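# Predicted model and sequence follow; I will ask about them next.
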Amino acid sequence: MTLEIVLFVIFALVCLVSGILMVTRVNPVISALFLVVNFGSLAGLYLTLNAQFIAVAQVIIYAGAIMVFFLFVIMLINPEHEKRFLEYKPQLKIFAVAIAVLVFLQIAYIILFSKPSEGVSREVAASVKAGTIEQIGRELFTKYVLPFEAVGYLLLSAAIGALVLAKKKFK
Amino acid sequence: MQIPIEYYLILSAALFMTGIVGVLIRRNAIIVFMSIELMLNSANLTLITFSSYLGNSIGQIFVFFVMAVAAAEAAIGLAIIIALFRNKLTVNLDEINIFKW
Amino acid sequence: MLNNIQEFYNILPLIIIGGLILVSLIIEMYSESSEKILPWLSIIGFLFVGIYSLVEVGRTSIVLQNMLATGGVVNIFWLIFNITAAIVCLLSINYIKKYGAYYGEYYIIIQTSVLGMMLMAGAKDLIVIFLGLEVMSISFYVLAGFNRNRSSANEASLKYFLLGAFATGFLVYGIALIYGKATTTSIDAISLNFSALSGNVLFLTGVLLFLIGFSFKIAAFPFHMWVPDVYQGSPTTVAGLFSTAGKAAGFSALIVTFAALFGGPHGHLFTPYLSAIAVFSMLFGSIVAIMQTDIKRMLAYSSIAHAGYMLIGLASGNIDGVAGIIFYLAAYSFMNLAAFGIVSILEGKEETNLDLDSYAGLGTRSPFIAGLFALIMFALAGIPPFAGFFGKYYVFIAAIKSDLTWLAMVGILSSMISVYFYLRLVVIMYFKSSETEDKVSYTASEIIAVVIAVVFVIILGLAPGSFIDLVTKFL
């Protein structure tokens, strides 16, 4: 039992449990808060994988910006609780859960069967180097410059679109 | 790197399926959207796992782009939800079904 | 980083569209009458880029660190997207006034969607495909709900958005699994290594998830349920853009990803899956379209069926199939755009005149429009002298060459079913008497847009061989 395994088990459990709780809570605010916990524990998992830059970005962008935005909207429109969400068409929903569990078992089987550990280096030095902000920044501004520009236009169109949909005065 | 890569992959598959279940069983548009964010995050976990175990940073760069896309989608999606709420005073997907098959 | 001036000329179309977006934004900010200037500016930009792409079609190159291909098939796709978008802008000038969305931002968002499509068609890397897809989709979500005071538009954009984001989840997970096994996201590198990778189940699962995510964009079987609702709820001209350029962009990315495998030993690896979704899309679309009474829903189900026919070309897994799809996409874009154009001309305020019955007596009320519409219906049904027939012909021939005769037979069966609902509209227009005697009023720009699209349908029908030759030269 090294520290690495202990950390993995803790973060993985928090991640799974908060994910399941987020999907099942009837109050949207509590759901959103569980999603924040989930994103935080994912950032912890990224740290165990030596992805420092992405771990920090995860906390700042997802847990910080996006979830605050979600909470604002939830509080702004204050939707009613979905009290009867298992009463409305329960067979269909149980069926959906059963299918999802089956598909999960299938994918888990595929993952175990296809031996993903073959061909991976497992070198700590290489993995630490891949996750540094220096390495990511260098690749982002040289090799991946076209996607980077595309992201600029993506955010521009999203900003225009959000303004049109939410703010523009319609006659 | 003592933890086998399979652990991370199975964890992310489980999160992905949790997200799918959320999309299928919930009727509140905002919670459905949060479940979709969960799906995207589980895919990010897979990408970072591979990136870290392979020692190349393409996966982490892709995650960076996925985060930007998620932010843009959040802006648009919540704007659409607010516009809908202004007209119909509900975000329940069962109640906004005016189109028929 | 561009290595020389020629590479700059090769990506000039992307730079022009990108610059056009910024210029339009500035005009929108400072001009009081931007909604009058921007459509013409967009049309000029789109036409210039379209013609430039056609002129430069021979200059194939791969630029920007193996991220983007230019020339050849890519330029032909750029031509299709830009001409389609120009026609949509021409149609929209009058329509969005009627629809209550008379704002300049409408055109800016059409421009960003075209930029996304162009990135998808030229992509040489899964990251570029993903980002192009998202630039396009985010613009489409906004366009679908552009008039936020209409609850039908709100609902259409919410449905489109939620299902689109759901499909994006599958796409990203699929790309993650592909990356995990291939250790790269470069499409060329993956195709080179395909023999080694194709034995791995995890990799194949990734490709399957990628295909499932994409079937949303091309409106094919597992993710088709949004199509009728979104087409019905969004502005008619925008629905025309979704069903033509949007579908073409989805197929362009699929062709980019899979065409490298065709002709090789693994060309038929995905044939079972692709033929299954082709069969379901064709039959489902054609049969359900018969039951529709709303013209936009009918066109939506027919669009699902057409996605099925195009998938036959992909399922056949040879170069003829790819050339057939590209021809089919060009023909279908102009046919469907003309159909949606006429629907938008006839549509009244507040979404009236969309029932099939409101087309009764059109043959006597407005013989010219009825004649054009009848011609388009014949073309969509695949009746010989028009482009629609040759599109189907090429994909069916490609399927037969790959010993998929049964698939071609299902396609022919489905076309025969679809003749019924296309011709029913013609019968309603000419042989059913209407209560009103109102003439249809239209503006010059709308009718010019429809006539241009119809002329393209006729030209492609008269000389299909030259287009196919042009495409095959670059495959």
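Looks like it came in fine.
# where does the stretch 101-250 of chain C have low pLDDT?
Filtered on pLDDT under 70, the stretch 101-250 of chain C yields no residues whatsoever.
# Show the pLDDT at C:Thr293.
We have a pLDDT of 89 for C:Thr293.
# okay, now it: neighbour count?
Number of residues near C:Thr293 (other CB atoms under 10 Å in any protein chain shown) recorded here: 10. C-betas here are computed from N, CA, C, even on glycine.
# quick one: it and C:Tyr359 touch, right?
No - contact criterion CB atoms under 8 Å: C:Thr293 and C:Tyr359 do not qualify, at 11.2 Å.
# residue contacts, C:Ser24?
Residues near C:Ser24 by CB atoms under 8 Å, 6 or more residues apart in numbering or on different chains: C:34, C:38, C:41-42, C:104, C:107-108, C:111.
# and it, what helix or strand is that in?
Using DSSP states H and E, C:Ser24 sits in helix C:12-30.
# in the next helix-or-strand element following that helix, what's buried?
Counting by DSSP H and E, the next helix or strand C-terminal to helix C:12-30 is helix C:34-55. For helix C:34-55, the buried set under the neighbour-count rule, 16 or more other CB atoms under 10 Å in any protein chain shown, comprises C:34-35, C:38-39, C:41-43, C:45-50, C:52-53.
# now swap in stretch A:26-34 and tell me
By neighbour count with 16+ other CB under 10 Å, stretch A:26-34 contains the buried residues A:26, A:28, A:31-34.
# ok, now stretch C:441-461?
Going by neighbour count (16+ other CB under 10 Å), the buried part of stretch C:441-461 is C:442, C:445-447, C:449-450, C:452-454, C:456-457, C:460-461.
# Which of the three states applies to the closest residue to chain B within the stretch 1-150 of chain C?
Proximity of the stretch 1-150 of chain C to chain B (CB to the nearest CB) peaks at C:Arg148, 4.0 Å away. Under DSSP: H, G, I helix; E, B strand; the rest coil, C:Arg148 falls in the coil class.
# measure it to chain A for me?
Distance of C:Arg148 to chain A, given as CB to the nearest CB, to the nearest Å: 6 Å.
# Spatially, what comes nearest to that residue if we skip its sequence neighbours?
Leaving aside its chain neighbours, C:Arg148 sits nearest to B:Ala83 (4.0 Å; criterion: CB to CB, 6 or more residues apart in numbering or on different chains).
# What of C:Leu119?
C:Gly132 (3.2 Å).
# What segments of the stretch 301-450 of chain C are helices?
C:319-346, C:362-365, C:367-381, C:387-401, C:405-431, C:444-462 (DSSP state H, counting those that start in this stretch).
# average model confidence for the longest one?
So that's helix C:319-346. 93.
# how far out from the middle of the chain is it?
Helix C:319-346 sits 7 Å away from the centroid of its parent chain (CA atoms, centre = their mean, to the nearest Å).
# cool, and the third one?
Distance, stretch centre to chain centre, for helix C:367-381: 20 Å (CA atoms, centre = their mean).
# Residues in contact with it: which ones?
Helix C:367-381 is contacted by residues C:302, C:331, C:335-336, C:338-339, C:342, C:345-346, C:359, C:362-363, C:386-389, C:415, C:418-419, C:422-423, C:425-426, C:429-430, C:440, C:442, C:447, C:450-451, C:454, C:457, C:461 when judged by CB under 8 Å, 6+ apart.
# Next, count neighbours for C:His224.
C:His224 has 26 nearby residues by other CB under 10 Å.
# what's it in contact with, if anything?
Each residue near C:His224 by CB under 8 Å, 6+ apart is listed here: C:215, C:281, C:284-285, C:304, C:307.
# Make TSV out of the residues you listed and add neighbour count.
Converted to TSV, those look like this (neighbours: other CB atoms under 10 Å in any protein chain shown):
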residue	neighbour count
C:Ser215	23
C:Ser281	28
C:Phe284	18
C:Gly285	28
C:Ile304	26
C:Ala307	27
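# out of everything not next to it in sequence, what's closest to C:Ile109?
Nearest to C:Ile109 is C:Ser139, by CB to CB, 6+ apart, at 4.8 Å.
# what about the longest helix in chain B?
Scanning chain B for the longest helix, with DSSP state H as the assignment, gives helix B:58-88.
# Looking at the stretch 201-350 of chain C, what residue ends up closest to chain B?
C:Asp229 (4.6 Å).
# and what of chain A?
A:Ala126 (3.0 Å).
# That residue against B:Gly55, yeah?
Yes - counting by CB under 8 Å, A:Ala126 touches B:Gly55, with 3.0 Å between them.
# Which of those two has more residues huddled nearby?
B:Gly55 (21 against 18).
# Ramachandran coordinates for that one?
phi 70, psi 20 (degrees, to the nearest 10).
# and it, what does it touch?
Per CB under 8 Å, 6+ apart, neighbours of B:Gly55: A:121, A:123, A:126-127, A:129-130.
# Which parts of chain A are helices?
For chain A, the helices defined by DSSP H cover A:3-24, A:28-48, A:52-57, A:67-77, A:90-113, A:124-130, A:133-141, A:145-166.
# Report the separation between C:Phe258 and B:Ile5.
C:Phe258 sits 28 Å away from B:Ile5, going by CB to CB, to the nearest Å.
# just C:Asn149 next, same as before
C:Asn149 sits 52 Å away from B:Ile5, going by CB to CB.
# Just want to know which of the two has more residues nearby.
Each of C:Asn149 and B:Ile5 has its neighbours counted (other CB under 10 Å); B:Ile5 has more, 22 against 13.
# The more buried one reaches B:Tyr53, doesn't it?
Yes - judged on CB under 8 Å, B:Ile5 makes contact with B:Tyr53 at a distance of 5.1 Å.
# Name the residues contacting each of those two.
In contact with both B:Ile5 and B:Tyr53: A:117, A:120, using CB under 8 Å, 6+ apart.
# how about C:Tyr394, what does it touch?
When contacts are counted by CB under 8 Å, 6+ apart, C:Tyr394 touches C:313, C:320, C:323-324, C:327-328, C:464, C:468.
# Nearest spatial neighbour of residue 15, chain-adjacent residues omitted?
Just going to use chain A. A:Ser41 (4.2 Å).
# switch to chain C, that's the one I care about
C:Ile15 sits nearest to C:Phe8 (CB to CB, 6+ apart), 7.9 Å away.
# Can you say which of the helices of the stretch 301-450 of chain C is packed in most?
Greatest average neighbour count among the helices of the stretch 301-450 of chain C goes to helix C:319-346 (a mean of 27), per mean count of other CB atoms under 10 Å in any protein chain shown.
# looking just at contacts, which helices and strands does that one meet?
If you count contacts as 3 or more CB pairs under 8 Å, 6 or more residues apart in numbering or on different chains; DSSP states H and E, helix C:319-346 packs onto helix C:73-99, helix C:236-241, helix C:247-258, helix C:295-316, helix C:367-381, helix C:387-401, helix C:444-462, helix C:464-474.
# how about the residue nearest in space to the middle of chain A, what does it touch?
The C-alpha lying nearest the average C-alpha coordinate of chain A belongs to A:Phe39 (CA atoms, centre = their mean; 5.9 Å). Counting by CB under 8 Å, 6+ apart, A:Phe39 touches A:58-59, A:62-63, A:67, B:41.
# Residue of chain B nearest chain A, please.
Closest point on chain B to chain A, by CB to the nearest CB, is B:Gly55, at 3.0 Å.
# Just the local confidence number for that residue, please.
88.
# Look up phi and psi at B:Ile3.
Taking degrees, to the nearest 10 as the convention, B:Ile3 sits at phi -80, psi 130.
# What is the distance between stretch C:282-292 and the centre of its chain?
Remark: stretch C:282-292 is offset 19 Å from the chain centroid, using CA atoms, centre = their mean.
# I meant to write stretch A:17-35 there.
Chain-centre distance of stretch A:17-35: 14 Å, with CA atoms, centre = their mean.
# do that stretch and chain C meet?
No - judged by CB under 8 Å from any CB of the partner chain, stretch A:17-35 stays clear of chain C, getting no closer than 13.8 Å.
# Quick one: end-to-end length of that stretch, please.
End-to-end span of stretch A:17-35 (CA to CA, to the nearest Å): 10 Å.
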